[in-house]
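Peer 1: When you get a sec, could you give me coordinates for this:
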Amino acid sequence: MNMAEEIKRKTAEIDAIIESFMPEEEDYQATVIDAMKYSIASGGKRIRPLLMSETYKMFGGEGEGVEYFMAAIEMIHTYSLVHDDLPCMDDDEYRRGRKTTHTVYGENMAVLAGDALLNYAAETALGALDSDIDPARIGKAMRVLFNKSGINGMIGGQTADVEAENKEPSEVTEDLIEYIHVNKTAALIEASMMIGGILAGADTIQVNTLERIARNVGIAFQIQDDILDVTGDFKELGKPIGSDERNHKVTYVSLHGLEQSKADVEALSKEATILLHTLEAENPFLEQLLLGMIDRKK
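Peer 2: Residues are numbered from 1 along each chain as shown. Model (predicted):
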C-alpha cells in the first residue's frame, strides 16, 4: 500500500464531502459564508475526519451517516484556527502557506466566520439523524463532539495556553504544558476516533481505549509540532518558523530539550500502537496513519 497516494485519494474524497455540506453564498450573509468557505478550503490535512472515517470502518461501520460528523469536526477544527490566527491571539499572517482569514476578510468578518463554522458544525452533525445510524449513537457522538471541543477540551486548553503566555517562564510548569497539549490539541483527535467508534457500535471499553490511543497520538503530535517550530522550514511547513521563541513561549521543547522531546514522541507512539493492537478490530491503514501523524516533517 502506497500510503502517500492512499492518503491523497482519501483526502480528496473528504474535501468533496465537506464541500457538499457547505452553504451557498446568498443574500446578506454571503460574505461570511464566503469567508467560511475560504477558511475550510485552506488545504488542511483533514486528519480528524480521516481518523473518524477509518475508525468507523474498523468497527464495521457502513453508509454515509458518519460523513455528517466528519464535516462537522473539520468545521470545528477550522473555526479554532481562524480564531487562533487573529491579532488578539497569535496574530499570524499565513496559515498553510496562504493568507489567514482575518488578513483577507478583516478581523470582524474572521470572528464571524469562526462563529458561523462552529454553529454550522452543530447543524451539520445533527443532519445524521436523517441517516440510518441509531439516533442513540448520534446523541452519544454529539456529547463527545461538543465536550471535547468545549471548556473541558479544546477551548479549555486554548484558555490555559493564552494565560500561559502572560506568566513568567518559571510559572509554566510541566503539568500546565501537558494540560494544554491534552486539551488544545489531543481533544479533537480523541473526539474523531471516539465518534467513529461510537457511530459504528463500539462498546464502552473499546471507546475508552480509542480515547487513550488518540490522547497519546495528540500529545505526540503537538510535541512534534513544537519540535518542527525549531527544526522545520517555512517552505515545507507553510507557516513561520521560530514563532514560539520570538513570542517567548514556553513549550515542551524549551522545558525538556530537543532530544528528550524526540524520545518522548517515540515512547508515546509505541504505547499508542500497543493499545491499538488490544482492540479486536483491525485497520492497517489507520495504524500507519497514526504513526505518520507523529513522525512527520510538516
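Peer 1: longest helix anywhere in the protein?
Peer 2: With DSSP state H setting the assignment, residue counts place helix 204-231 as the longest helix in the chain.
Peer 1: Which neighbouring elements make contact with it?
Peer 2: Judged by 3 or more C-beta pairs under 8 Å, 6 or more residues apart in numbering; DSSP states H and E, the packing partners of helix 204-231 are helix 187-200, helix 243-246, helix 252-256, helix 258-277, helix 284-294. C-beta: built from backbone N, CA, C; applies to glycine.
Peer 1: now the angle from it to helix 258-277?
Peer 2: Between the axis of helix 204-231 and that of helix 258-277 there is an angle of 160 degrees, by axes from the mean of the first three to the mean of the last three C-alpha atoms, to 10 degrees.
Peer 1: Could you check the angle helix 204-231 makes with helix 187-200?
Peer 2: Using the same axes, to 10 degrees: helix 204-231 against helix 187-200 is 150 degrees.
Peer 1: Buried residues in stretch 146-160, which are they?
Peer 2: Phe146, Asn147, Lys148, Ser149, Gly153, Met154, Ile155, Gly156, Gly157, Gln158, Ala160 (16 or more other C-beta atoms under 10 Å).
Peer 1: show me the contacts for the first one.
Peer 2: When contacts are counted by C-beta atoms under 8 Å, 6 or more residues apart in numbering, Phe146 touches Ala122.
Peer 1: Can you give me the pLDDT of it?
Peer 2: We have a pLDDT of 98 for Phe146.
Peer 1: pLDDT below threshold where in this protein?
Peer 2: Segments of the chain classed as low confidence (criterion: pLDDT under 70) are 1, 232-248, 296-298.
Peer 1: And for stretch 270-288, what's in contact with it?
Peer 2: In this structure, residues lying in contact with stretch 270-288 by C-beta under 8 Å, 6+ apart are 1, 3, 6, 51, 54-55, 57-60, 202, 206, 209-210, 212-213, 216-217, 220, 290-291, 294.
Peer 1: which of those residues are buried?
Peer 2: With burial judged by 16+ other C-beta under 10 Å, the buried subset of those is 51, 54-55, 57-59, 202, 206, 209-210, 212-213, 216-217, 220, 290-291, 294.
Peer 1: Do you have the strands of the stretch 51-200 of the chain handy? List them.
Peer 2: Counting by DSSP state E, counting those that start in this stretch, the segments of the stretch 51-200 of the chain that form strands are 94-95, 98-99.
Peer 1: which one of these lies closest to His77?
Peer 2: Using C-beta to C-beta as the measure, strand 94-95 is the one of the strands of the stretch 51-200 of the chain that comes nearest His77, at 12.2 Å.
Peer 1: what lines up beside that closest one in the sheet?
Peer 2: Strand 94-95 has the following strand partners under DSSP bridges: strand 98-99 (antiparallel).
Peer 1: Can you lay out the helices and strands packed on helix 204-231 as JSON lines showing distance to Leu112?
Peer 2: Conversion of the helices and strands packed on helix 204-231 to JSON lines gives the following (distance: least, C-beta to C-beta, whole Å):
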{"stretch": "helix 187-200", "distance to Leu112": "22"}
{"stretch": "helix 243-246", "distance to Leu112": "26"}
{"stretch": "helix 252-256", "distance to Leu112": "33"}
{"stretch": "helix 258-277", "distance to Leu112": "37"}
{"stretch": "helix 284-294", "distance to Leu112": "31"}
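Peer 1: Quickly compare those and say which is most buried.
Peer 2: Counting by mean count of other C-beta atoms under 10 Å, helix 187-200 has the highest mean neighbour count of the helices and strands packed on helix 204-231, with a mean of 28.
Peer 1: what's the neighbour count on the closest residue to Leu86 other than its chain neighbours?
Peer 2: Closest residue to Leu86 in three dimensions, ignoring its sequence neighbours and counting by C-beta to C-beta, 6 or more residues apart in numbering: His102, at 5.5 Å. Counted with other C-beta atoms under 10 Å, the burial measure for His102 works out to 26 neighbours.
Peer 1: Quickly note the distance from His102 to Val162.
Peer 2: According to C-beta to C-beta, to the nearest Å, His102 and Val162 sit 17 Å apart.
Peer 1: Lys99 pairs with what?
Peer 2: Beta-bridge partners for Lys99, by DSSP bridges, are Tyr94.
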